[in-house]
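**Q** Have a look; sequence and predicted model below, questions after that.
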Amino acid sequence: MKIAVLAGGISTERDVSLSSGGMIYRALRARGHQAVLVDVYLGVEGEAEGIFERESILEAEIEAVGEENPDIEAVKAMRGDGGVGFFGPNVLEICRMADCVFLALHGTSGEDGRIQACFDLLGIPYTGADFVGSCLAMDKGIAKDLFRAYRIPTPRGIRLRKGEREAEKIPYPCIVKTSCGGSSIGVSIAGDEEEYERAKEEAFRYGEEIIVEQYIRGREFSVGVMKGRALPVIEMAPGEGFYDYRNKYQAGAAVETCPALIPAEKAAEMQKIAEQVFSVLRLKSYARMDFIMSGEGEVYCLEANTLPGMTSTSLLPQEAAAAGMDFGALCEEILRYAVS
């Protein structure tokens, strides 16, 4: 099959997306597909004709995910047209030529439903959730409202827009995070008023709305779901601090155990909730739900990820491997969902 692997973009998760895209691209080529790796924002200069018969130029430029999120303004400056519009040169043409687009995008404009809606209008097949599920899951405020409506256990929290006063006060310590971000960028733990004000200022750098929620001290877990069926539970234990950007993407910064070493009934509880979230948010194909379990054994769902990372340290591939599916087979299965 001719497959356009879309990565990059201009979200704060750009580097993670490029790393995911590179691994997906290599796996699909190894399995005989005519895959090409394309930066959705920078595009492909020159003639697009015959691109699926050529080796990807972009793939050779991809490096490991750094400790800091990327300089997006520097990326925007690389566009010769000044960055007019989201799609770079030849991107839509290449996507139309493909049998399927494999979305390796993360964050704004890639995971929030907008590119999915565009492809639906153009009749371009793509992997992952549709525009409705993508939108619902990406906005953590909307997702938490749905969690509460369907009695899915989630930490107590509020949505707060820039300039608004808090309708209620979440006790310290609390978590402050951007409403529509990922990879723990813009996430802080505040233990007092001074830390809280700094945390809000940091989170508002990434959007007009933030989430303030109860801090649950405990163990962190994740559960992937494919076609409505949960994969084995994985536990993430960072060497220090919480499971932030560095601990997620720097090799050795966190110990990840799959299947998680927890009682079978707790694993089953998380898997059941993950499948329920998948249904409530109207997700399709595959997704990953993040959890925390308190010292008392109470399980809370934090959020859903509709295009989870596919890097060398990512969680979903580890869960799939524990279920007997290697990385190439995982990519093939996701692709099959999109074209069947």
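**A** Arrived safely.

**Q** For the rest of this, base every contact and every neighbour count on C-alpha atoms.
**A** OK.

**Q** Point out where the stretch 101-250 of the chain drops to low pLDDT.
**A** Low-confidence regions of the stretch 101-250 of the chain, defined here as pLDDT under 70, cover residues 181-185, 239-250.

**Q** so where do the helices sit in it?
**A** Along the stretch 101-250 of the chain, the segments classed as helices by DSSP state H, counting those that start in this stretch run 114-122, 131-138, 140-149, 193-203, 245-249.

**Q** Distance to residue 300 added to those helices, as a markdown table?
**A** Listed next are these as a markdown table, based on distance: least, CA to CA, whole Å:
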| stretch | distance to residue 300 |
| --- | --- |
| helix 114-122 | 29 |
| helix 131-138 | 16 |
| helix 140-149 | 10 |
| helix 193-203 | 22 |
| helix 245-249 | 20 |
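
**Q** Now distance to residue 282 and mean neighbour count too, for the ones you listed, in TSV please.
**A** Below are these laid out as TSV (distance: least, CA to CA, whole Å; neighbours: other CA atoms under 10 Å):
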stretch	distance to residue 282	mean neighbour count
helix 114-122	14	16
helix 131-138	5	23
helix 140-149	11	18
helix 193-203	27	16
helix 245-249	27	22
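
**Q** closest one to residue 289 among those helices?
**A** For the helices of the stretch 101-250 of the chain, the distance to residue 289 is smallest for helix 131-138, at 10.0 Å, taking CA to CA.

**Q** Show me what that closest one is packed up against.
**A** With contacts taken as 3 or more CA pairs under 8 Å, 6 or more residues apart in numbering; DSSP states H and E, helix 131-138 sits against helix 114-122, helix 140-149, strand 299-305.

**Q** Residue 29 touches residue 23, doesn't it?
**A** No: contact criterion CA atoms under 8 Å: residue 29 and residue 23 do not qualify, at 10.0 Å.

**Q** Could you check which of the two is surrounded by more residues?
**A** Neighbour tally, residue 29 and residue 23, criterion other CA atoms under 10 Å: the higher count belongs to residue 23, 20 against 16.

**Q** Quick one, grab the pLDDT at the more buried one.
**A** We have a pLDDT of 93 for residue 23.

**Q** sorry, back to before: what would the helices and strands packed on helix 131-138 look like in TSV with distance to residue 106?
**A** Output for these, formatted as TSV (distance: least, CA to CA, whole Å):
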stretch	distance to residue 106
helix 114-122	11
helix 140-149	15
strand 299-305	9
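
**Q** And the ones you listed: which comes nearest residue 278?
**A** Here strand 299-305 is closest among the helices and strands packed on helix 131-138 (CA to CA), at 8.0 Å.

**Q** do you know which of the helices and strands packed on helix 131-138 lies nearest residue 293?
**A** Of the helices and strands packed on helix 131-138, nearest to residue 293 by CA to CA is strand 299-305, at 4.5 Å.

**Q** Report the rounded mean pLDDT for the following helix or strand past the closest one.
**A** Proceeding N to C from strand 299-305, the next assigned helix or strand is helix 315-322, under DSSP states H and E. The average pLDDT within helix 315-322 is 96.

**Q** mind exporting the helix or strand following helix 315-322 as PDB, just the C-alpha atoms?
**A** The helix or strand immediately downstream of helix 315-322 is helix 327-339, counting by DSSP H and E. Extracted C-alpha coordinates of helix 327-339, given in PDB (Å, rounded to 0.1, in the frame of the first residue of the first chain):
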ATOM      1  CA  PHE A 327       5.800  -2.900  16.700                       C
ATOM      2  CA  GLY A 328       5.400  -3.800  13.000                       C
ATOM      3  CA  ALA A 329       2.300  -5.900  13.600                       C
ATOM      4  CA  LEU A 330       0.900  -3.100  15.800                       C
ATOM      5  CA  CYS A 331       1.300  -0.600  12.900                       C
ATOM      6  CA  GLU A 332      -0.200  -3.100  10.500                       C
ATOM      7  CA  GLU A 333      -3.200  -3.600  12.700                       C
ATOM      8  CA  ILE A 334      -3.800   0.200  13.100                       C
ATOM      9  CA  LEU A 335      -3.600   0.500   9.300                       C
ATOM     10  CA  ARG A 336      -6.000  -2.300   8.800                       C
ATOM     11  CA  TYR A 337      -8.600  -0.600  11.000                       C
ATOM     12  CA  ALA A 338      -8.400   2.500   8.800                       C
ATOM     13  CA  VAL A 339      -8.900   0.700   5.500                       C
END
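
**Q** All set now, cheers.
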